[in-house]
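*Asks:* My questions concern the predicted model and sequence given below.
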Amino acid sequence: MARRERVVRMSVEQPLWRALTAYRVLTLIYAVLLAGFRDKTYDRPWVAFAFLAVLAVWTLITLPRVANAASCTKRFLGIDLTVALTGILLTPLADFSAQRVDGPTLPSIWTAGSVLAFALKGGWRWAAFASTLVAAANIVERGEPSWDTFHNVLLVWVASIAIGYVVEVARASERTLARALEIEAATRERERLARDIHDSVLQVLAMVQRRGTAMGGEAAELGRMAGEQEVALRTLVSSGLVPTTRVSEDSAEGAVVRAVEVDPDGEGTGTSDCDLRALLAPHAGARVSFAEPGAPVLLAPAAARELAAAVSAALDNVRVHAGPDAQAWILVEDEPDEVIVTVRDDGPGIPEGRLDQAEGEGRLGVALSIRGRLRDLGGTAELISVPGQGTEVELKVPKVSRGKAGSVR
């Protein structure tokens, strides 16, 4: 059954939308309090308080609109900016001295929130458009604008464009990250499929080739054809073009045991773990010695299966490369935080550079069937080989999944 992975990510711009929501509420309160302190300076206070009442209702009922980019539509942005511009242009009607004295407009700094919404939604170009309209409205409202007016207008214009640019960069980075995660997931899946093929079809084809060559006659021709198909399939595996399905995972059914974890409150929570010993014991035989702890070696079922498959791949390498008389040993160690399985043989060892050469030829037994599996489990695989003194493969798997690839040496 194919494994499906889901990655949940929060948009990098979502905190900015939450900040904008808080900004609109706080600046609304500020505008209302400011008008309350200046009520006696208004020539037409009813204009000011009527507008602020409309502004308060509008701000509160549209809070969900500034919760994210999807809900912040173009229509809402247009109406929101119109409310801000209307408040600016109504200021001289409420305060006749507004054009002679540099004072706050009716919406005050609430207007900047409307411009920032444009920046978050559409980037720096939308921010430039909205801030330009606000600048024009402020100039019209002042009649004869002062340097303070130009300073405030320029500040809003530059700040909104900068924020819009930052949002665009954040979105581009998020798309790049999403693409990288997709590529990584696809690569992992190709490697997993390649391991499955290596452990099944490629091993059978290699065996047919060897047996056919040894038998001679028509069997030799069959072996030659199997060898050609093995080379072709290895090429496809190396290129990641092989479509296949995951091999059956029923082989570990007999090894599943029930473990009970006790939480700090004393209540147990059952988790189905797998006894690694039951998966490795069938390898024991006349030429394979198996040493195991006396107690069950528990791992998550998926981790136990992958570790057992890596051990099987290591033993396949012993049978193929160490010779028919080679002796192998499997040692299982159950540490508090990890499980260590060591596979050692007394064969001739691996010559210097042979692994790199085999990987270049598409023979990916060590690269995929062993190291690839351990990397996906968050573990490590270390291979030590001295010519003439055999080979040792040490496999380490953490008991608790770390959710990321570990180092592979």
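*Replies:* Looks like it arrived, so ask away. Source: prediction; values computed, not measured.
*Asks:* ranges for the helices of the stretch 51-200 of the chain?
*Replies:* 74-94, 110-122, 124-142, 147-197 (DSSP state H, counting those that start in this stretch).
*Asks:* Out of those, which one sits most buried?
*Replies:* Sort the helices of the stretch 51-200 of the chain by mean neighbour count, taking mean count of other CB atoms under 10 Å, and helix 110-122 sits at the top with a mean of 25. C-beta coordinates here come from the backbone N, C-alpha and C atoms, glycine included.
*Asks:* tell me what that one is packed against?
*Replies:* helix 14-37, helix 74-94, helix 124-142, helix 147-197 (3 or more CB pairs under 8 Å, 6 or more residues apart in numbering; DSSP states H and E).
*Asks:* Next, the angle helix 74-94 makes with it.
*Replies:* 160 degrees (axes from the mean of the first three to the mean of the last three CA atoms, to 10 degrees).
*Asks:* Present the helices of the stretch 51-200 of the chain as TSV; the columns should include mean pLDDT and distance to Pro64.
*Replies:* Formatted as TSV, these follow (pLDDT from 0 to 100; distance: least, CB to CB, whole Å):
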stretch	mean pLDDT	distance to Pro64
helix 74-94	92	10
helix 110-122	90	13
helix 124-142	87	20
helix 147-197	76	20
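*Asks:* Tell me which of those sits nearest to Met225.
*Replies:* When the helices of the stretch 51-200 of the chain are compared by CB to CB, helix 147-197 sits nearest Met225, at 18.2 Å.
*Asks:* same for the closest one, what does it pack against?
*Replies:* helix 110-122, helix 124-142, helix 218-239, helix 373-376.
*Asks:* Show me what the second one is packed against.
*Replies:* Just to be clear, that refers to helix 124-142. helix 74-94, helix 110-122, helix 147-197.
*Asks:* Include distance to Val66 when you put those into a markdown table, please.
*Replies:* Listed next are the helices and strands packed on helix 124-142 as a markdown table, based on distance: least, CB to CB, whole Å:
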| stretch | distance to Val66 |
| --- | --- |
| helix 74-94 | 8 |
| helix 110-122 | 6 |
| helix 147-197 | 14 |
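*Asks:* For Gln389, which of those helices is the nearest?
*Replies:* helix 147-197 (28.3 Å).
*Asks:* Just want the angle from the closest one to helix 124-142.
*Replies:* Using the same axes, to 10 degrees: helix 147-197 against helix 124-142 is 160 degrees.
*Asks:* Tell me what angle helix 147-197 forms with helix 14-37.
*Replies:* 160 degrees.
*Asks:* Could you point out which residue ranges in the chain have low pLDDT?
*Replies:* For the chain, residues meeting the criterion pLDDT under 70 lie at 1-12, 98-102, 144-149, 189-206, 227-271, 351, 353-369, 401-409.
*Asks:* For it, identify the residue most remote from the centre.
*Replies:* In the chain, Asp43 marks the outermost C-alpha relative to the chain mean, sitting 59.6 Å out by CA atoms, centre = their mean.
*Asks:* didn't that residue look like it was pressed against Ala94?
*Replies:* Yes: contact criterion CB atoms under 8 Å: Asp43 and Ala94 qualify, at 6.9 Å.
*Asks:* coming back round to it: any chance of the helices and strands packed on helix 147-197 in a markdown table, plus distance to Ala310?
*Replies:* Shown next, in a markdown table, are the helices and strands packed on helix 147-197 (distance: least, CB to CB, whole Å):
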| stretch | distance to Ala310 |
| --- | --- |
| helix 110-122 | 49 |
| helix 124-142 | 52 |
| helix 218-239 | 17 |
| helix 373-376 | 5 |
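*Asks:* and of those, who's closest to Arg24?
*Replies:* The closest of the helices and strands packed on helix 147-197 to Arg24 is helix 110-122. By CB to CB, the value is 4.6 Å.
*Asks:* Just to check, Lys396 is in contact with Leu374?
*Replies:* Yes: at 7.4 Å, Lys396 counts as touching Leu374 under the criterion of CB under 8 Å.
*Asks:* residues shared between the contacts of those two?
*Replies:* Common contact partners of Lys396 and Leu374 (CB atoms under 8 Å, 6 or more residues apart in numbering): Thr380, Ala381.
*Asks:* So those two - more neighbours on which side?
*Replies:* Shown here are Lys396 and Leu374; by other CB atoms under 10 Å, Leu374 has more neighbours (25 against 21).
*Asks:* which stretch among the helices and strands packed on helix 147-197 comes nearest Asp325?
*Replies:* Nearest of the helices and strands packed on helix 147-197 (CB to CB): helix 218-239, 22.8 Å.
*Asks:* you'd agree Ala381 is in a helix?
*Replies:* No: under DSSP: H, G, I helix; E, B strand; the rest coil, Ala381 sits outside any helix and is assigned strand.
*Asks:* what sits against it?
*Replies:* Ala310, Ile370, Arg371, Arg373, Leu374, Arg375, Val393, Glu394, Leu395, Lys396, Val408, Arg409.
*Asks:* Just the buried residues of those residues.
*Replies:* Ala310, Ile370, Arg371, Arg373, Leu374, Arg375, Val393, Glu394, Leu395, Lys396, Val408 (16 or more other CB atoms under 10 Å).
*Asks:* Please identify which helix or strand holds Trp46.
*Replies:* In the assignment (DSSP states H and E), Trp46 maps to helix 45-61.
*Asks:* so that helix versus helix 110-122, what angle?
*Replies:* Calculated by the same axes, to 10 degrees, helix 45-61 forms an angle of 30 degrees with helix 110-122.
*Asks:* Residues contacting helix 45-61, please?
*Replies:* Contacts of helix 45-61 (CB under 8 Å, 6+ apart): 24-25, 28, 31-32, 35, 39, 42, 80, 83, 86-87, 90, 93-95, 106-107, 110.
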